[in-house]
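J.: compute the structure for the input listed below.
(chains A and B)
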There are 2 protein chains.
Amino acid sequence: MRVSFEELKTAIKNVLIRYGVSEEKADVLAQIHTETTYDGIYSHGSGRVARFVEYLTKGWVDPNAEPTVEKEMGAIRVLNGNMGPGVLNALYGVEEAMKLADEYGIGLVGLKNTTHWMRGGTYGKIAAEKGYVAIMWTNTESVMPPWGGKNPKLGNNPIVFAAPKGDGEEIFLLDMAVAQYSYGKLSTLKLAGKKLPFAGGYDEEGNLTDDPAAIEKTRRMLPIGYWKGSGLAFMLDILAVMLTDGIGAGDLDVKGKGSCGGCSQVMIVIDPSRMIDGNRLRIEVEKAIAHIQEAERVDERSSIHAPGDGMKRYHEEHDREGIFVDDRVWEQINSL
Amino acid sequence: MRVSFEELKTAIKNVLIRYGVSEEKADVLAQIHTETTYDGIYSHGSGRVARFVEYLTKGWVDPNAEPTVEKEMGAIRVLNGNMGPGVLNALYGVEEAMKLADEYGIGLVGLKNTTHWMRGGTYGKIAAEKGYVAIMWTNTESVMPPWGGKNPKLGNNPIVFAAPKGDGEEIFLLDMAVAQYSYGKLSTLKLAGKKLPFAGGYDEEGNLTDDPAAIEKTRRMLPIGYWKGSGLAFMLDILAVMLTDGIGAGDLDVKGKGSCGGCSQVMIVIDPSRMIDGNRLRIEVEKAIAHIQEAERVDERSSIHAPGDGMKRYHEEHDREGIFVDDRVWEQINSL
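T.: Numbering: from 1, shown residues only, chains lettered A, B, ... in the order given. Have a look, this model is predicted:
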């Protein structure tokens, strides 16, 4: 169905208040879930409200916890999320990282003992819309086998790269898990009776397959680039541990507080105006976009996009027709 | 054939001196090319000497140029490589970045107008062996189509993640191009009459193929993770431009000074001792390695590695049997 921004936000906010979140915090959380939905990332917007409520009821997320500063030195801050709502912790983290970038040109916030930040792109977007470059990632529990192995021992460790276009709030935004597909995607396609566009894992015979059900069964998901993504996922996990004084995938598995319960996030924020003047930045952005658009299209249905372009298409659709919310998701939110 | 470290280094150094590199600089360059070969990255060690000499003779690399500081503020330095040898510029860059990390906990060096840094891992390794975490990347000329397009408009933009293991000079090192395979790899496998282990691009009919010759023909190389790697390559290019005041893939193509002639490199170096104590770092490193090693192997020939493990295997072999140098490469170096 289609709803307005305010309708969706109010529905989410009311649910959160019913489950013990303060009105002030519920307002911020509902705003972020609604913005994420508006941007077209349904899986981490409207689609994650029920799971967040489940985590609240299980005590896996403490709605009243606030982040605390553990270490401050130079352009570095280490924060303890105290198992509070991951979104609120990460919002605090990105604000701190922007302050550091204002002072030193670059800042790093290491946020440990936090919970699911929902869509990582949210925090890159906030920074880029204010003119900063951001590189951020989170570690997660184990969902993907290491290259050469069969059991999940690596997180999908989403990494975010965001940059301003130098023109108002237009930005580049890449928010990318290191797994080729998420379990959410596999499940959606399986229910729709569809195949993956490209092989996404191995079946029970050890062959690459595009059948989502077969991959759900083996849990042998492919990392992007095979051995390359396996190495990248490992590095993002161990760096998240080192740069936040946090815990890695193995200990997250043991902790067992749901997806990302106790995870670590690294937020590196940079002020590019220290390096490049605003006019040159705009010109270089235009050139980079024009350069990829020069490529001949694969076929008449193909289009070429810069990272973040997808949001604009969703905004247009949602402004025109209202924000899309899956009927079952809408019913679920209103019945929680 | 097999040679000693000193034999290889001396042969490379003599060649460089013959082509106008000062003795002091030739010594450093030969050392890096030899270390890279010793680490098993033949393509960017012994295998790149002839191309570097070609660039010197064409005037694409200025052997006498020194990097100059263009901007200094807070934890940021922007350096101009002045088209000098990329290895020397990058060595200077990583030293500066480590000094910034000493002062601020994190430092960023943006190096523009430089030339091929050979193996990017060299600079991550230097930092990690001294106890720093490093995230570094370079942009390159266009070698890979953007997702949805047919002509090369994206660089393969290698990105490096490096971290100490907390125990002497043992490190983690991931040095990864965003293309699934390099043209060098395609060429080597084609000459050997072999197929790629996984599809690496598209053939003339627009089908995915593991035939290296077919991909060389279309130049439709696959990025890692299909659309994901395409987005990542774009971001690494535009961020390299913004964070160094440099030029992007399109302008590198126009400049036409060979691979990476005039490119930009970003070096982010962090001192993890600000976040985590040395003992915990060691324990977490051991846990992370043990965690991936717990996975059942795919088959009896499979093994599981942490990023950088490959170097140790090459060191053992090279210590035992001498450093491997391809016969034709050895002959070429000695006849230049």
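J.: for chain B, what's its nearest residue on the stretch 1-150 of chain A.
T.: Using CB to the nearest CB, the closest approach of the stretch 1-150 of chain A to chain B is made by residue A:149 at 3.0 Å. (Glycine included, C-beta is placed from N, CA and C.)
J.: neighbours of that residue, how many?
T.: By the measure other CB atoms under 10 Å in any protein chain shown, the count of residues near residue A:149 is 22.
J.: need the per-residue pLDDT for residue A:168.
T.: On the pLDDT scale, residue A:168 is placed at 79.
J.: quick check, residue A:265 in contact with residue A:93.
T.: Yes: using CB atoms under 8 Å, residue A:265 is in contact with residue A:93, at 6.7 Å.
J.: looking at the two, which has the bigger crowd around it?
T.: residue A:265 (30 against 26).
J.: hey, what's in contact with both of residue A:265 and residue A:93?
T.: Common neighbours of residue A:265 and residue A:93, using CB atoms under 8 Å, 6 or more residues apart in numbering or on different chains, are residue A:111.
J.: wait, what's in contact with the nearest residue to the residue of the stretch 1-150 of chain A closest to chain B once chain neighbours are set aside?
T.: Leaving out its chain neighbours, the residue that sits closest to residue A:149 by CB to CB, 6 or more residues apart in numbering or on different chains is residue B:295, at 3.0 Å. The contact partners of residue B:295, taken as CB under 8 Å, 6+ apart, are A:145-146, A:148-153, B:304.
J.: helix or strand: which one has residue B:295?
T.: Per DSSP states H and E, residue B:295 falls between elements, in no helix or strand.
J.: and it, how far from residue A:240?
T.: Remark: distance between residue B:295 and residue A:240 (CB to CB, to the nearest Å) = 20 Å.
J.: centre of the chain versus the lowest-mean-pLDDT helix or strand in chain A, how much separation?
T.: Among the helices and strands of chain A, helix A:183-191 carries the lowest confidence by mean pLDDT, DSSP states H and E, at a mean of 91. Here the centre of helix A:183-191 is set off from its chain's centre by 18 Å, with CA atoms, centre = their mean, to the nearest Å.
J.: helix/strand/coil for the nearest residue to residue A:211 once chain neighbours are set aside?
T.: Nearest non-adjacent residue to residue A:211, counting by CB to CB, 6+ apart: residue A:195, 6.3 Å away. Under DSSP: H, G, I helix; E, B strand; the rest coil, the three-state class of residue A:195 is coil.
J.: where does residue A:195 fall, phi/psi-wise?
T.: For residue A:195, the backbone dihedrals (degrees, to the nearest 10) come out as phi -100, psi 160.
J.: and for the one 5 residues further on?
T.: Dihedral angles phi and psi of residue A:200 (degrees, to the nearest 10) take the values phi -120, psi 0.
J.: next: residue A:162.
T.: Main-chain dihedrals, residue A:162, degrees, to the nearest 10: phi -140, psi 150.
J.: now do residue A:198
T.: With angles defined as degrees, to the nearest 10, residue A:198 sits at phi -140, psi 160.
J.: do you know how far it is from residue A:185?
T.: Counting by CB to CB, the gap from residue A:198 to residue A:185 is 12 Å.
J.: what of residue A:330?
T.: Separation of residue A:330 from residue A:185 (CB to CB): 21 Å.
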